[in-house]
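Engineer: The following comprises the amino acid sequence and a computationally predicted model.
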Amino acid sequence: MSRTAKALLVAALLAVAVAVPASAQTQSSTPTTNPGTRLNFPATLGGATFERSVNYAAPPANNPGLGASYTYSTPKRLTISVQVYDLGRRVPAGSDNPTVTGQFNAELSSAEQQFKHAGYTAFQKPSVPSSCTYGAVTFRCVTYSGVTQANSRVYSKLLLTGFRDHFIKIRIDWAQSQQQSAGDADAALQAFVPALMR
(Lines give C-alpha, C1' and ligand atoms only; values in the text may rest on other atoms or scores of the structure.)
Protein backbone atom coordinates (compact mmCIF):
# COMPACT_ATOMS: atom_id res chain seq x y z
CA MET A 1 0.00 0.00 0.00
CA SER A 2 1.47 3.35 -0.97
CA ARG A 3 2.15 5.85 1.80
CA THR A 4 -0.41 8.28 0.34
CA ALA A 5 -3.11 5.61 -0.03
CA LYS A 6 -2.47 4.37 3.49
CA ALA A 7 -2.63 7.91 4.89
CA LEU A 8 -5.91 8.53 3.06
CA LEU A 9 -7.42 5.28 4.28
CA VAL A 10 -6.38 6.06 7.86
CA ALA A 11 -7.86 9.54 7.49
CA ALA A 12 -11.12 7.98 6.29
CA LEU A 13 -11.19 5.65 9.27
CA LEU A 14 -10.56 8.46 11.70
CA ALA A 15 -12.99 10.77 9.96
CA VAL A 16 -16.00 8.57 10.60
CA ALA A 17 -15.11 7.60 14.16
CA VAL A 18 -16.78 9.24 17.14
CA ALA A 19 -15.28 12.70 17.55
CA VAL A 20 -13.22 12.43 20.73
CA PRO A 21 -9.95 14.28 21.22
CA ALA A 22 -6.96 11.96 20.84
CA SER A 23 -5.80 12.79 24.35
CA ALA A 24 -9.12 11.54 25.71
CA GLN A 25 -8.70 7.98 24.43
CA THR A 26 -7.26 4.98 26.20
CA GLN A 27 -5.76 2.69 23.57
CA SER A 28 -4.75 -0.92 23.96
CA SER A 29 -3.28 -3.57 21.71
CA THR A 30 -4.55 -6.29 24.05
CA PRO A 31 -7.61 -8.27 22.94
CA THR A 32 -10.47 -8.09 25.42
CA THR A 33 -14.05 -8.94 26.31
CA ASN A 34 -16.59 -6.13 26.28
CA PRO A 35 -18.15 -6.06 29.77
CA GLY A 36 -21.54 -4.66 28.73
CA THR A 37 -22.29 -7.16 25.97
CA ARG A 38 -19.91 -10.00 26.86
CA LEU A 39 -18.73 -10.01 23.23
CA ASN A 40 -15.21 -11.37 22.90
CA PHE A 41 -12.55 -9.61 20.84
CA PRO A 42 -9.76 -12.22 20.56
CA ALA A 43 -6.46 -11.98 18.67
CA THR A 44 -8.10 -13.44 15.56
CA LEU A 45 -11.78 -13.34 14.72
CA GLY A 46 -13.37 -14.71 11.57
CA GLY A 47 -10.00 -14.61 9.80
CA ALA A 48 -9.30 -10.98 10.82
CA THR A 49 -6.44 -9.94 13.11
CA PHE A 50 -6.93 -7.72 16.16
CA GLU A 51 -5.06 -4.41 15.86
CA ARG A 52 -6.16 -2.22 18.78
CA SER A 53 -9.00 -1.10 21.01
CA VAL A 54 -10.00 2.28 22.39
CA ASN A 55 -11.89 2.46 25.69
CA TYR A 56 -13.77 5.76 25.93
CA ALA A 57 -15.20 4.85 29.35
CA ALA A 58 -11.78 4.70 31.05
CA PRO A 59 -9.69 7.67 32.15
CA PRO A 60 -8.87 10.13 30.78
CA ALA A 61 -12.01 10.17 28.59
CA ASN A 62 -14.40 8.95 31.32
CA ASN A 63 -17.32 8.86 28.88
CA PRO A 64 -19.06 5.50 29.38
CA GLY A 65 -21.76 6.39 26.84
CA LEU A 66 -19.21 6.17 24.03
CA GLY A 67 -18.21 2.64 25.08
CA ALA A 68 -15.26 1.07 23.31
CA SER A 69 -14.07 0.42 19.78
CA TYR A 70 -12.13 -2.55 18.41
CA THR A 71 -10.18 -2.56 15.15
CA TYR A 72 -9.26 -5.60 13.03
CA SER A 73 -7.55 -6.06 9.67
CA THR A 74 -8.26 -8.79 7.15
CA PRO A 75 -5.75 -10.72 5.02
CA LYS A 76 -6.85 -8.54 2.06
CA ARG A 77 -5.98 -5.42 4.12
CA LEU A 78 -9.56 -4.30 4.69
CA THR A 79 -10.20 -2.64 8.03
CA ILE A 80 -13.11 -3.70 10.24
CA SER A 81 -14.02 -1.54 13.22
CA VAL A 82 -16.59 -2.39 15.88
CA GLN A 83 -17.91 0.14 18.35
CA VAL A 84 -20.00 -1.00 21.32
CA TYR A 85 -21.76 1.91 23.04
CA ASP A 86 -25.07 3.00 24.56
CA LEU A 87 -24.93 6.83 24.76
CA GLY A 88 -26.09 6.51 28.37
CA ARG A 89 -29.39 4.78 27.61
CA ARG A 90 -30.78 1.30 27.19
CA VAL A 91 -30.84 0.30 23.51
CA PRO A 92 -33.65 -2.00 22.29
CA ALA A 93 -32.62 -5.19 20.47
CA GLY A 94 -32.78 -5.35 16.69
CA SER A 95 -32.27 -3.07 13.73
CA ASP A 96 -35.74 -1.69 13.02
CA ASN A 97 -36.71 0.10 16.22
CA PRO A 98 -36.84 3.94 16.38
CA THR A 99 -33.78 4.17 18.67
CA VAL A 100 -31.54 2.29 16.23
CA THR A 101 -33.06 3.99 13.18
CA GLY A 102 -32.45 7.44 14.66
CA GLN A 103 -28.87 6.61 15.66
CA PHE A 104 -28.17 5.08 12.24
CA ASN A 105 -29.30 8.30 10.55
CA ALA A 106 -27.06 10.31 12.91
CA GLU A 107 -24.07 8.03 12.15
CA LEU A 108 -24.61 8.34 8.41
CA SER A 109 -24.98 12.11 8.56
CA SER A 110 -21.79 12.34 10.62
CA ALA A 111 -19.94 10.12 8.14
CA GLU A 112 -20.94 12.37 5.25
CA GLN A 113 -19.85 15.52 7.07
CA GLN A 114 -16.54 13.97 8.09
CA PHE A 115 -15.84 12.81 4.52
CA LYS A 116 -16.44 16.35 3.28
CA HIS A 117 -14.35 17.83 6.10
CA ALA A 118 -11.49 15.49 5.16
CA GLY A 119 -11.56 16.91 1.62
CA TYR A 120 -13.28 13.98 -0.08
CA THR A 121 -15.63 14.78 -2.94
CA ALA A 122 -18.41 13.01 -4.82
CA PHE A 123 -19.93 11.48 -1.67
CA GLN A 124 -22.36 8.76 -2.70
CA LYS A 125 -24.87 6.72 -0.74
CA PRO A 126 -28.16 5.04 -1.58
CA SER A 127 -31.26 7.10 -0.92
CA VAL A 128 -32.62 4.41 1.40
CA PRO A 129 -30.61 2.15 3.73
CA SER A 130 -31.22 -1.57 3.64
CA SER A 131 -31.12 -4.52 6.00
CA CYS A 132 -28.15 -6.88 6.04
CA THR A 133 -28.11 -10.23 7.83
CA TYR A 134 -24.88 -11.88 8.91
CA GLY A 135 -25.34 -15.12 10.77
CA ALA A 136 -28.38 -14.72 13.02
CA VAL A 137 -28.13 -10.92 13.38
CA THR A 138 -29.84 -8.33 11.17
CA PHE A 139 -28.38 -4.84 10.87
CA ARG A 140 -29.51 -1.58 9.34
CA CYS A 141 -26.82 -1.02 6.71
CA VAL A 142 -25.57 1.17 3.90
CA THR A 143 -22.47 1.46 1.72
CA TYR A 144 -21.17 4.96 1.07
CA SER A 145 -18.12 6.28 -0.73
CA GLY A 146 -16.11 9.36 -1.59
CA VAL A 147 -13.24 10.36 -3.82
CA THR A 148 -9.91 11.21 -2.22
CA GLN A 149 -7.67 14.07 -3.24
CA ALA A 150 -5.59 11.46 -5.11
CA ASN A 151 -8.72 10.75 -7.21
CA SER A 152 -9.29 7.29 -5.75
CA ARG A 153 -12.68 6.16 -4.50
CA VAL A 154 -12.82 4.82 -0.90
CA TYR A 155 -15.77 2.88 0.45
CA SER A 156 -17.28 2.15 3.84
CA LYS A 157 -20.11 -0.17 4.73
CA LEU A 158 -21.87 0.81 7.95
CA LEU A 159 -23.90 -1.68 10.00
CA LEU A 160 -25.89 -0.87 13.15
CA THR A 161 -28.12 -2.90 15.44
CA GLY A 162 -29.25 -3.06 19.05
CA PHE A 163 -27.73 -5.96 20.99
CA ARG A 164 -27.76 -6.65 24.74
CA ASP A 165 -28.83 -3.08 25.57
CA HIS A 166 -26.08 -1.52 23.39
CA PHE A 167 -25.56 -0.23 19.89
CA ILE A 168 -23.25 -2.45 17.87
CA LYS A 169 -21.75 -0.43 15.04
CA ILE A 170 -19.58 -2.29 12.54
CA ARG A 171 -17.83 -0.57 9.68
CA ILE A 172 -15.63 -2.08 7.01
CA ASP A 173 -13.45 0.13 4.80
CA TRP A 174 -11.84 -0.58 1.45
CA ALA A 175 -10.20 1.35 -1.36
CA GLN A 176 -10.48 1.17 -5.12
CA SER A 177 -6.75 1.84 -5.46
CA GLN A 178 -5.96 -1.35 -3.52
CA GLN A 179 -7.99 -3.56 -5.87
CA GLN A 180 -10.40 -4.25 -3.01
CA SER A 181 -14.06 -4.78 -3.81
CA ALA A 182 -17.51 -4.86 -2.25
CA GLY A 183 -17.36 -8.64 -2.69
CA ASP A 184 -14.18 -8.77 -0.59
CA ALA A 185 -15.89 -6.66 2.09
CA ASP A 186 -18.99 -8.84 2.16
CA ALA A 187 -16.94 -12.05 2.35
CA ALA A 188 -14.99 -10.58 5.28
CA LEU A 189 -18.22 -9.61 7.07
CA GLN A 190 -19.76 -13.05 6.43
CA ALA A 191 -16.84 -14.59 8.33
CA PHE A 192 -16.32 -11.88 10.96
CA VAL A 193 -19.79 -10.95 12.19
CA PRO A 194 -21.10 -14.47 12.99
CA ALA A 195 -17.82 -15.24 14.78
CA LEU A 196 -18.24 -12.09 16.89
CA MET A 197 -21.96 -12.23 17.64
CA ARG A 198 -22.57 -15.80 18.71
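Structural biologist: That came through, no problem.

Engineer: what about residue 174, how many neighbours?
Structural biologist: 27 (other C-beta atoms under 10 Å). Placement of C-beta: from N, CA and C, glycine included.

Engineer: Distance of the nearest residue to it once chain neighbours are set aside relative to residue 77?
Structural biologist: Spatial nearest neighbour of residue 174, chain neighbours left out: residue 180 (3.8 Å); criterion: C-beta to C-beta, 6 or more residues apart in numbering. In this view, residue 180 and residue 77 are 7 Å apart by C-beta to C-beta, to the nearest Å.

Engineer: more neighbours, the two?
Structural biologist: Per other C-beta under 10 Å, whichever of residue 180 and residue 77 has more neighbours is residue 180, with 21 against 15.

Engineer: pLDDT score assigned to residue 177?
Structural biologist: Here the pLDDT value assigned to residue 177 is 90.

Engineer: Quick check: phi and psi on it?
Structural biologist: phi -70, psi -20 (degrees, to the nearest 10).

Engineer: Tell me how many other residues surround the residue lying closest to it once chain neighbours are set aside.
Structural biologist: The shortest distance from residue 177 to any non-neighbouring residue, by C-beta to C-beta, 6+ apart, is to residue 152 (4.0 Å). Residues near residue 152, counting by other C-beta under 10 Å, number 17.

Engineer: What distance do you get for residue 152 to residue 112?
Structural biologist: 18 Å.

Engineer: residue contacts, residue 38?
Structural biologist: Residue 38 makes contact with residue 164, according to C-beta atoms under 8 Å, 6 or more residues apart in numbering.

Engineer: Can you list the low-confidence ranges for the protein?
Structural biologist: Applying pLDDT under 70 to the chain flags the ranges 1-26, 29-31.

Engineer: and the longest helix for it?
Structural biologist: Ranked by residue count under DSSP state H, the longest helix found in the chain is helix 98-117.

Engineer: The chain: helices as residue ranges?
Structural biologist: 3-15, 98-117, 182-196.

Engineer: got the ones you listed as JSON lines, with distance to residue 139 columns?
Structural biologist: Below are those laid out as JSON lines (distance: least, C-beta to C-beta, whole Å):
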{"stretch": "helix 3-15", "distance to residue 139": "19"}
{"stretch": "helix 98-117", "distance to residue 139": "9"}
{"stretch": "helix 182-196", "distance to residue 139": "8"}
